[in-house]
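Peer 1: Need coordinates for the following:
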Amino acid sequence: MKSQCFFNMSRYELLENWKKPNCRIAFPYYHGNPAHDEGSRKMLATIQKHHREIDRIQVSCRFMEEVILATGIDSSKVFLIHIGINRRYFTPATSANKAETRKQLGIPQSAVVIGSFQKDGNGWEEGLEPKLVKGPDVFLKTLEILKADVPNLHVLLTGPARGYVKKGLERLSIPFTHRLLDDYTDIGNYFHALNGYIVSSRDEGGPKAILEAMASGVPLISTKVGQAPDLVNHGQNGFLADIEDAEALAHWTQKVLNDNALRKTVIQNGLQTAEKNDYGNQLDLWKAFMTGFVEA
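Peer 2: Have a look, this model is predicted:
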């Protein structure tokens, strides 16, 4: 029995340079659709070849659970634990904090504000080349549709490398505000400015924004990526659209913006979903993961 255990947060470090381990090893595997991702296909091939030497894999969604199990690894080694949330950083938006946040950001109080807070350009500079797996082109198509019917539309962006989206919004004559955060724990304040949050990705492990939006009382509209299909009950705590379906993303965004009763239902149910996936409520899942790994 190997006397030590090692949980490596980087699957890349382990799987792209495989060496026979001299300790028990575990790692997360959040995303990477092998149908479109050559890098993921190579890492999955490594798992297939060496799965007996791997002790634990954490996956964040059912899709990746199926992908990992297809390598032939024993199902007892694969644990589905969603990417959770620290709810201390997020509070539901109120009229007062929404007004104050918009004032600080210079966003008109009358604006209908859609949020997008994740990096979606290649590299770490201006980001003019889109990272298509994150769906920035789909996001722009969605906003173009919304612009025709939503007066005072405004987009709030955070994160680095947003140049492609910013250029696209300028082309569409949609006003936007972009801020870079020095401290992740400030992100909850930015959700307060929003009327809705759109996830337009083609592949994800999370994203974190799904639960962050719910915990902030912001209606979520997402493509069926990552843990969105696991966590979102369409029409109850958020909305789901097929991947690349900008028309559906726009439709459900308009629906929740215009239907007060629906919006209240979605917000309330979203808060409950966020609570269930708070880190503190995942302790039993992590205990099961570590039992037989740390305590072997």
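Peer 1: Only C-alpha atoms from now on, for both contacts and neighbour counts.
Peer 2: Will do.
Peer 1: Now the residue most central in space within the chain: phi and psi?
Peer 2: Centrality entry for the chain: nearest residue to the mean C-alpha point is P207, 1.0 Å, by C-alpha atoms, centre = their mean. The phi/psi pair for P207 (degrees, to the nearest 10) reads phi -80, psi 170.
Peer 1: begin at 674 from here
Peer 2: Happy to do that; since the first residue is 674 now, the last one works out to P880.
Peer 1: so what's it up against?
Peer 2: Taking C-alpha atoms under 8 Å, 6 or more residues apart in numbering as the criterion, P880 is in contact with I756, G899, Q900, A901.
Peer 1: Just send these back as TSV, with secondary structure too.
Peer 2: Output for the contacts of P880, formatted as TSV (DSSP: H, G, I helix; E, B strand; the rest coil):
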residue	secondary structure
I756	coil
G899	coil
Q900	coil
A901	helix
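Peer 1: What about those residues, which one has the most neighbours?
Peer 2: Neighbour counts for those were taken using other C-alpha atoms under 10 Å; the highest belongs to G899, with 28 neighbours.
Peer 1: so that residue touches E877, yeah?
Peer 2: Yes: contact criterion C-alpha atoms under 8 Å: G899 and E877 qualify, at 4.5 Å.
Peer 1: Now do the helix or strand harbouring Q777: everything it contacts.
Peer 2: Using DSSP states H and E, Q777 sits within helix 768-778. With contact meaning C-alpha under 8 Å, 6+ apart, helix 768-778 is reached by P781, Q782, T850, N862, Y863, H865, A866, L867.
Peer 1: What residue spans form the domains of the protein?
Peer 2: The domain map for the chain lists 678-757+953-963, 760-950, with the assignment taken from automatic domain parsing.
Peer 1: can you pull out the helices in the stretch 774-923 of the chain?
Peer 2: 809-820, 836-844, 860-864, 882-888, 901-904, 919-931 (DSSP state H, counting those that start in this stretch).
Peer 1: Buried residues, the shortest one. List them.
Peer 2: Buried residues in helix 901-904, counting neighbours by 16 or more other C-alpha atoms under 10 Å, are found at A901, P902, L904.
Peer 1: Return the lengthiest helix in the chain as PDB; C-alpha atoms alone will do.
Peer 2: Of all the segments assigned as helix in the chain under DSSP state H, the longest by residue count is helix 933-949. Only the C-alpha atoms of helix 933-949 are listed here, as PDB (Å, rounded to 0.1, in the frame of the first residue of the first chain):
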ATOM      1  CA  ASN A 933     -42.300  39.600 -13.200                       C
ATOM      2  CA  ALA A 934     -43.900  36.500 -11.700                       C
ATOM      3  CA  LEU A 935     -41.600  34.200 -13.600                       C
ATOM      4  CA  ARG A 936     -38.600  36.300 -12.600                       C
ATOM      5  CA  LYS A 937     -39.500  36.100  -8.900                       C
ATOM      6  CA  THR A 938     -39.900  32.400  -9.100                       C
ATOM      7  CA  VAL A 939     -36.600  31.900 -10.900                       C
ATOM      8  CA  ILE A 940     -34.800  34.100  -8.400                       C
ATOM      9  CA  GLN A 941     -36.200  32.400  -5.300                       C
ATOM     10  CA  ASN A 942     -35.500  28.900  -6.600                       C
ATOM     11  CA  GLY A 943     -32.100  29.900  -7.800                       C
ATOM     12  CA  LEU A 944     -31.200  31.100  -4.300                       C
ATOM     13  CA  GLN A 945     -32.200  27.600  -2.900                       C
ATOM     14  CA  THR A 946     -30.000  25.900  -5.600                       C
ATOM     15  CA  ALA A 947     -27.100  28.000  -4.600                       C
ATOM     16  CA  GLU A 948     -27.500  27.200  -1.000                       C
ATOM     17  CA  LYS A 949     -27.600  23.500  -1.700                       C
END
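Peer 1: Quick one: distance of the helix or strand that comes right after that helix to the chain centre.
Peer 2: Following helix 933-949 in sequence order, the next helix or strand is helix 956-963 (DSSP H and E). How far helix 956-963 lies from its chain's middle: 22 Å, per C-alpha atoms, centre = their mean, to the nearest Å.
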